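*Asks:* The following comprises the amino acid sequence and a computationally predicted model.
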Amino acid sequence: MSRADSLLQQWLRHRTVLHELLQAIGNEHMHYKPWKEAFSLGALAVHIATSSSMFVQAVKDGEFPQPSEPPSFETMEDVRRLVSEHTEKTKSDFNALTDRHLDQTIPWGPYRATGEHWLITMRDHEIHHKGQLFVYARMVGVEQLPFFTVQPPKK
């Protein structure tokens with residue numbers, strides 16, 4: 001298995017759970033915020049998906065793209081669709097990565113790191129925010145939640 005494929009599989013074990021988690025949340029909670037300046041529940045899910053897509057695109061292209069406005073949504077179904085679309089784009093971009101992409105140094109603001117480092121940062125960023133979504137879900141009364149990660153297949 002290539003290094004990029006290994007990183008892809010590690011990320012997918014978390015992204016799969018994000019999709020499951022979003023299925024448990026109804027429209028009435030889409031705009032829930034635990035504090036005034038927080039992301040809403042729906043916006044946090046979209047942020048996770050668009051950020052991961054941005055990180056992988058940066059590694060693929062050798063530079064971080066210019067920030068763009070997050071996509072809008074009106075329902076949890078819209079949120080789920082956006083997350084699914086960005087998941088597919090991210091997987092496609094991941095599948096184009098080679099060791100050259102992982103070894104290149106890519107600047108982002110004052111930081112410089114290898115493509116591999118940025119992909120690990122992407123996964124950690126997703127885990128952090130997915131944990132927040134688990135807390136949001138509990139706060140709005142969701143009782144049945146998925147396990148935090150999908151276990152790798154047995155060898």
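*Replies:* Yep, it's here. What you see is a predicted model; the values in this text were computed from it and never measured.
*Asks:* Spit out the contact partners of residue 150.
*Replies:* Residues in contact with residue 150 (CB atoms under 8 Å, 6 or more residues apart in numbering) are 12-14, 16-17. (Each C-beta comes from the backbone N, C-alpha and C, glycine too.)
*Asks:* now it: how far from residue 12?
*Replies:* Counting by CB to CB, to the nearest Å, the separation of residue 150 from residue 12 is 8 Å.
*Asks:* What are the buried residues along stretch 135-154?
*Replies:* Buried residues in stretch 135-154, counted by 16 or more other CB atoms under 10 Å: 136-137, 140.
*Asks:* whoops, I mixed them up, stretch 63-77
*Replies:* Across stretch 63-77, burial judged by 16+ other CB under 10 Å covers 64, 73, 76.
*Asks:* Can you give me the end-to-end span of it?
*Replies:* By CA to CA, to the nearest Å, the extent of stretch 63-77 from end to end equals 32 Å.
*Asks:* mind checking the SS state of the residue lying closest to residue 120 once chain neighbours are set aside?
*Replies:* Setting aside the residues directly before and after it, residue 120 is nearest to residue 7 in space (CB to CB, 6 or more residues apart in numbering), at 7.3 Å. The three-state label given to residue 7 by DSSP: H, G, I helix; E, B strand; the rest coil is helix.
*Asks:* same deal with the one 5 residues further on?
*Replies:* Assigned with three-state DSSP, residue 12 falls in the helix class.
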